[in-house]
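[1] model this:
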Amino acid sequence: MPISADRFETIDDGNGNPKPGTNAYKLLSFLAQNADQAFTQSEIAERTSVKPGSVGPTLVRLRERGRVEHRGTYWRVSDHVLSLDAAANHAAATAASREEEPFEYDEWQEHAVDPRQQRD
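    Residues are numbered from 1 along each chain as shown. Take a look at the predicted model:
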């Protein structure tokens, strides 16, 4: 059943993040867990539950989204994915470490500047 163009525009596809259980998720997870190595398509198929015929097209889609890199016959997770993961982990760890600390609003307020009053 067709949908309107307006409805199509509102579809949330997860911002390109592969959904758990999909071939893209399995391949990206495997490559991220082995970020210090690069693999051929057949090696990836052997080490994941993805059928050999699906590995190539899935890797191509992941490369188009900047998730994996390809050189010769080898594939690896992209540095971009690794840096995003590292940043997210750092942010989560920082937030967790400060979760129990009370927010010192009064100390901060002494130094705060109201941008509405400090316009040039």
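[2] what's the first helix or strand after the longest helix belonging to the chain?
    In the chain, with assignment by DSSP state H, the single longest helix is helix 79-97. Sequence order places helix 105-109 as the next helix or strand after helix 79-97, per DSSP states H and E.
[3] for the most centrally placed residue in the chain, what are its contacts?
    Nearest to the geometric centre of the chain sits Val81, at 5.6 Å (CA atoms, centre = their mean). Listed by CB atoms under 8 Å, 6 or more residues apart in numbering, the contact set of Val81 reads Leu28, Ala32, Gly66, Arg67, Val68. Backbone N, C-alpha and C define where each C-beta goes, glycine included.
[4] mind checking pLDDT for it?
    On pLDDT, Val81 comes in at 77.
[5] distance of it relative to Asn34?
    Counting by CB to CB, to the nearest Å, the separation of Val81 from Asn34 is 13 Å.
[6] now the contacts of Val81 in JSON lines, with neighbour count and secondary structure?
    Formatted as JSON lines, those follow (neighbours: other CB atoms under 10 Å; DSSP: H, G, I helix; E, B strand; the rest coil):
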{"residue": "Leu28", "neighbour count": "22", "secondary structure": "helix"}
{"residue": "Ala32", "neighbour count": "16", "secondary structure": "helix"}
{"residue": "Gly66", "neighbour count": "12", "secondary structure": "coil"}
{"residue": "Arg67", "neighbour count": "22", "secondary structure": "coil"}
{"residue": "Val68", "neighbour count": "25", "secondary structure": "strand"}
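[7] thanks again, I'm all set now.
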